[in-house]
Structures are given as C-alpha cells and as structure tokens.
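S.K.: Quick one: sequence and predicted model below, then my questions.
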Amino acid sequence: MRRRAFIWLVGGAAVAWPLAARAQQPGMPVIGFLSARSPGESGSAVRAFRQGLGEAGYFEDKNATIEYRWAEGSYERLPELAAELVRRQVAVIAATGGDPSPLAAKAATATIPIVFTMGGDPVEAGLVTTLSRPGGNLTGTTLMGVELGPKRLELVRQLVPNAVTIAMLVNPNFPLAAAEVRDVQAGARSLGLETDVLNASTESDIDKAFANIAQRRPNALIVGTDPFFLAQRDQLARLAAHHAVPAMYHLREFVEAGGLVSYGPSIVAAYVKAGVYTGQILNGAKPADLPVWQPTSFLLSVNAKTAKALGLQIPAQILALADEVIE
C-alpha cells in the first residue's frame, strides 16, 4: 500500500490529500525567524524584515519560506526554539528581538548562518570578532541601546530641571540590564542625581513597579532597552500617564503609544538591514564578510499631548532638537 496519500470520504466522494501538500516548493530556501518578542506587537518589525528581504530579491511564499518562532518575552524558551530551527535545517536564522535571541542561536549552531538584531555590543557579547569583519557564522545589526543611556539621562534632566531622583525600570533577566544600570547610575552621580532601580520581568511586575513609583514619587523614569518592555509599551505608557511620571524611552514606538519622549535609532531601519543581509546570504554571501550594521543617526521624539497631560512644559532646546513632535 502506498503511504504518500490517504483517502477521506466527503459526501460519498473520495478525496486524496498528499501528506506533503504544505511543503515548500523544491529548492525554496527556508529562513528561520527567531524572536524574543511576540507576534502581535511585532508587525512593523516583520514588515521591515520582509522589505529588506525583497530588496535582496526574496519574497515570502514566492521564492522563500519563513518559519517563525516567538519566545513572547520568556527568554528561557529561546534555546529550544533555536534548536527547533536547527533541526528544521533552515538556510539562515534571523535572530531578532534583542540580545537573548542571537545568544541562543549562537549556542544552537556553529554552521547555519545567523543574522541578528540586538541593542548591545556584539563584540562584547562574544557574537562576532570585530564589527567590520565579524568572522564565524554571525553578522547583523546593533541599535547601540546601552551606549545612549547617559544621553537619555541628560535629556531627562533638561525636561525636569529640578529633578532629584530618577527611577530606572529594568528586566533582571535581560543580559544588558546590569550594564545599563551601571552607566545610568554613573551619569546620575555626575549630575548630582539619585537613582532608584526597579525590576520587572512580567506584566504584573510592571504593575508592582509603578505601585512603588506611586509611593516613592521619583521625579522621572527611564525605561530600560529590554525588548520585553517594547512589547509592553502600551501598558508602560498608560501607567506612566496614570501616575503622572515623565518617562524616557529608547525607541519612538513608545512615544507613538503615548509615552512622553524617546531617544534612539530607528528599529525599522535595523530590521530592513537584517532582511537585506539575510537575502544576501541566501545569494551566497558569507556572514563573516558582512560588517555589523550600526545606526549613524538617532531620533528624538516627543509626545506633546502627553506632555500637556502631565502639565510639563517641553523646553525650547528640546523642541528645536526633536526629529518628531506628536501633537
């Protein structure tokens, strides 16, 4: 008996369904998309990645297949999700959504090419040898999120010139959390400010952190660059408004969700470049020869409506520097 199909009777008619009906077309490369984030809030990132793929000549479901794996903020799931993609024998792994994802992908394979998006220093993380000549099987993009912490603190000081205490919200499970806290605390000391570090790794933790903010009454809040917080940007913006605390973020997506102010690179540009690199690798390029992409400009975004609700007057110098003011 042949096992390549089975017969299903529908209304007396026999219908044959090949077992491999949903398999990709012969020769169509499979891309593994591994993300620490959640699918529901990552639409713009996925669209940007597909745009970059298209620039390199690849289009999902036309001449390439994408297998998605989402950790949804549970970083402990990433190693097994990466292992699944390795077992699937994908052609390339796009390890996205922040530093935990490429770290898991690197631990899973030393042979499958990996293109990452991350916020920290890939050299310091041990992912590449140098930015210009990555070596090995990894390359990608970095948002330089940690390095901008002191600059965000300076902007907060301009927004709230009489500030005494700055709260900082971090996820202790995020690999860069300790470095972020260290840099912001050093910058705060140089400005004569006190810092109050609050931890959150779940939605309920965020609620508890803001309950502490309500009690301690810091003058402002800096939200860490952990991708989990990006996924919870609506919750963060809502709670910051409810507790009337001026909050600084690292990406404009937070300001678009109602946050007060952000300073950082374009995450969309990073995902587009990751898509381009993925396509180039499918075309024969080696990750070792593709330099790690770094942003060359940073965006200052301000939500004027949120500032008005907080009773906060945005200083003229910040408005003059702002790349975007959301009314």
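M.R.: Cool, the structure landed.
S.K.: centroid residue for the protein?
M.R.: G97 (3.6 Å; Cα atoms, centre = their mean).
S.K.: can you pull the contacts of it?
M.R.: Contacts for G97 (Cβ atoms under 8 Å, 6 or more residues apart in numbering) come out as L34, S35, A36, R37, S42, A45, A71, T117, P227. Just so you know, the C-beta spots here come from the backbone N, C-alpha and C atoms, and that holds for glycine as well.
S.K.: switch the cut-off to 7 Å
M.R.: Shown in contact with G97 (Cβ atoms under 7 Å, 6 or more residues apart in numbering): S35, A36, R37, P227.
S.K.: for the last one, phi and psi?
M.R.: Think P227. The phi/psi pair for P227 (degrees, to the nearest 10) reads phi -60, psi -20.
S.K.: Now do the same for it: its pLDDT.
M.R.: Looking at P227, its pLDDT reads 91.
S.K.: burial measure for the closest residue to it other than its chain neighbours, as a count.
M.R.: Nearest residue to P227 in three dimensions, chain neighbours excluded: G98, at 3.5 Å (Cβ to Cβ, 6 or more residues apart in numbering). Close neighbours of G98, defined as other Cβ atoms under 10 Å, add up to 32.
S.K.: Next one: G98 from F59, what distance?
M.R.: Counting by Cβ to Cβ, to the nearest Å, the gap from G98 to F59 is 26 Å.
S.K.: L81 too?
M.R.: L81 is 24 Å from F59, where distance means Cβ to Cβ.
S.K.: Neighbour count: those two, which is higher?
M.R.: Neighbours per residue (other Cβ under 10 Å) separate L81 from F59, with L81 holding more: 21 against 12.
S.K.: who are the neighbours in contact with that one?
M.R.: For L81, the contact set (Cβ under 7 Å, 6+ apart) comprises L34, R69, A71.
S.K.: What of A177?
M.R.: The contact partners of A177, taken as Cβ under 7 Å, 6+ apart, are V170, N171, G224, D226.
S.K.: In terms of pLDDT, where does the first one sit?
M.R.: Read that as V170. For V170, the model assigns a pLDDT of 96.
S.K.: which parts of the host helix or strand of L85 are buried?
M.R.: Using DSSP states H and E, L85 maps to helix 78-87. Residues L78, P79, L81, A82, A83, L85 are the ones in helix 78-87 that count as buried (16 or more other Cβ atoms under 10 Å).
S.K.: what's the answer for stretch 235-245, then?
M.R.: Neighbour-count burial for stretch 235-245 [16+ other Cβ under 10 Å]: L236, A237, L239, A240, A241, V245.
S.K.: Mark which of those are part of helices, please.
M.R.: In helices, defined here by DSSP state H, the members of the buried residues of stretch 235-245 are L236, A237, L239, A240, A241.
S.K.: Now that the fourth one has come up, it's in contact with L221, right?
M.R.: Yes: using Cβ atoms under 7 Å as the test, A240 is close enough to L221 to be in contact (6.5 Å).
S.K.: who touches both of the two?
M.R.: Among the neighbours of A240, those also in contact with L221 (Cβ under 7 Å, 6+ apart) are A247.
S.K.: Show the contacting residues for the residue lying closest to A285 once chain neighbours are set aside.
M.R.: Sequence neighbours aside, Y277 is the residue nearest to A285 in space, at 7.8 Å (criterion: Cβ to Cβ, 6+ apart). Applying Cβ under 7 Å, 6+ apart, we find Y277 in contact with V115, T139, G140, L290.
S.K.: does E67 sit in a helix, a strand or a coil?
M.R.: Secondary structure, DSSP: H, G, I helix; E, B strand; the rest coil: E67 is strand.
S.K.: Show me the strands in the stretch 201-327 of the chain, by range?
M.R.: Along the stretch 201-327 of the chain, counting by DSSP state E, counting those that start in this stretch, strands occupy 220-223, 247-249, 261-264, 299-303, 324-326.
S.K.: Tell me the strands beside the fourth one, with direction?
M.R.: So that's strand 299-303. Using DSSP bridges, strand 299-303 pairs in its sheet with strand 261-264 (antiparallel), strand 324-326 (parallel).
S.K.: Off-centre distance for that strand?
M.R.: Strand 299-303 sits 18 Å away from the centroid of its parent chain (Cα atoms, centre = their mean, to the nearest Å).
S.K.: contact partners of it?
M.R.: 252, 255, 258-264, 266, 314, 318, 321-326.
S.K.: shaky segments in the stretch 51-200 of the chain?
M.R.: Within the stretch 51-200 of the chain, no stretch has pLDDT under 70.
S.K.: Go again with 90.
M.R.: The model of the stretch 51-200 of the chain has pLDDT under 90 over residues 120, 144-150, 175-176, 179.
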